[in-house]
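Q: Okay, structure incoming, though there's no sequence with it:
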């Protein structure tokens, strides 16, 4: 986890279960080379889930930028109960998996978010 955060260790320690959602799985040897980068130790973690673009429509600084068009769609939908229900039906309830959600967004759009990311140092390598 790179960049500013708000007490991830303390939050993990106070939790009954900790599930880490990650953009990629790295080798144990890489973790051993830089143990100071481990924010939440293994013994606090119950599960690790590989979820590329898992922060969408948000951002992972250094990897991909936020999806402004999708956020606009969400905020427009959230103005009333019916619009929000339509949004949830389309993006949450109608998709059976994370992969299906990403397919709905579209690979071209996701790759464009990666291309448009401008932060290069200090977050994601």
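A: Done, it's in. Since the model is a prediction, treat every value here as computed from it, not as a measurement. Numbers count the residues shown, from 1 in each chain.
Q: Quick check: which ranges of the protein have low pLDDT?
A: Scanning the chain for pLDDT under 70 picks out 1-5, 121-125.
Q: Pull out the buried positions in stretch 24-40.
A: residue 40 (16 or more other C-beta atoms under 10 Å). In this view, the C-beta of every residue, glycine as well, is placed from N, C-alpha and C.
Q: got the end-to-end distance for it?
A: Stretch 24-40 stretches 16 Å from its first residue to its last (C-alpha to C-alpha, to the nearest Å).
Q: Equivalent analysis for stretch 103-110, please.
A: End-to-end for stretch 103-110, by C-alpha to C-alpha: 10 Å.
Q: from here on, count from 690
A: Let's use 690 as the start, then, which means that last one is stretch 792-799.
Q: And for that stretch, what's in contact with it?
A: 742, 745, 753, 756, 759, 779-780, 784, 791 (C-beta atoms under 8 Å, 6 or more residues apart in numbering).
Q: what's the distance between the nearest residue to residue 767 once chain neighbours are set aside and residue 729?
A: Nearest residue to residue 767, sequence neighbours excluded (C-beta to C-beta, 6 or more residues apart in numbering): residue 773, at 5.0 Å. Distance of residue 773 to residue 729, given as C-beta to C-beta, to the nearest Å: 33 Å.
Q: again with residue 750
A: 18 Å.
Q: cool, and residue 784?
A: 28 Å.
Q: got it, and residue 789?
A: Distance from residue 789 to residue 729, by C-beta to C-beta: 28 Å.
Q: cool, and residue 712?
A: Distance from residue 712 to residue 729, by C-beta to C-beta: 15 Å.
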